[in-house]
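In: Next come a sequence and a model predicted from it.
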Amino acid sequence: MGDITVTRVKSFVGAVIKYFCVLNMSESDFNKHVGAQEKFTLGFKSDFLNDSTQICAVANGETVTIPLGDGENTLFVAAFTSTGRNYTNTVKVTAGKSYSVKTKMGLTSNQMTLSED
């Protein structure tokens, strides 16, 4: 038990896109809950994203504190963009540590990375 902090590094690129920290869930399970065809745009809200204790929204430049469960914990960050869903790498997280999400978008690819500070 304990907490981690996740900071979304402020960036002009993707500034208005909502990012979601996903704790202790695989990408495939996450996709099952949000639906394969579901499109996310500004202002759209999904009950699963808002009500799940395993999901935490993080805005551009924001730092959030996430409580961990017992045992091993994993985290990835998901974003819904106009070109589809983007995911960071999945990392094992440890209570008391801080993590950062960085965004890099280019002409041919978009990439988000999650790393320990």
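Out: Yes, it's here.

In: from what I can see K102 touches T113, true?
Out: Yes - under the criterion of C-beta atoms under 8 Å, K102 makes contact with T113 at 5.1 Å. (C-beta placed from N, C-alpha, C; glycine too.)

In: So what's the gap between the lowest-mean-pLDDT helix or strand in the chain and the chain middle?
Out: Within the chain, confidence by mean pLDDT, DSSP states H and E is lowest for helix 47-51 among all helices and strands, at a mean of 77. Offset of helix 47-51 from its chain centre (C-alpha atoms, centre = their mean, to the nearest Å): 14 Å.

In: Give the buried residues for the next helix or strand after it.
Out: Downstream of helix 47-51, the next assigned helix or strand under DSSP states H and E is strand 55-58. For strand 55-58, the neighbour count (16 or more other C-beta atoms under 10 Å) marks 55-56, 58 as buried.

In: what does the average pLDDT come to for strand 55-58?
Out: For strand 55-58, mean pLDDT is 93.

In: Relative to it, what are the paired strands and their orientations?
Out: Within its sheet, strand 55-58 is paired with strand 19-23 (antiparallel), according to DSSP bridges.

In: so where's this structure uncertain?
Out: Residue ranges of the chain with pLDDT under 70: 35-46, 106-109.

In: hey, where'd the strands end up in this structure?
Out: According to DSSP state E, the chain carries its strands in the segments 2-8, 19-23, 55-58, 63-68, 73-81, 84-87, 91-93, 98-105, 110-116.

In: hey, which of the ones you listed is tucked in deepest?
Out: Most buried of these, by mean neighbour count (mean count of other C-beta atoms under 10 Å): strand 19-23, with a mean of 22.

In: what sits against the residue nearest to the spatial centre of the chain?
Out: Centroid-nearest residue in the chain: V77, 2.2 Å away (criterion: C-alpha atoms, centre = their mean). Neighbour list for V77: 6, 8, 19-22, 58, 87-88, 101, 112, 114 [criterion: C-beta atoms under 8 Å, 6 or more residues apart in numbering].
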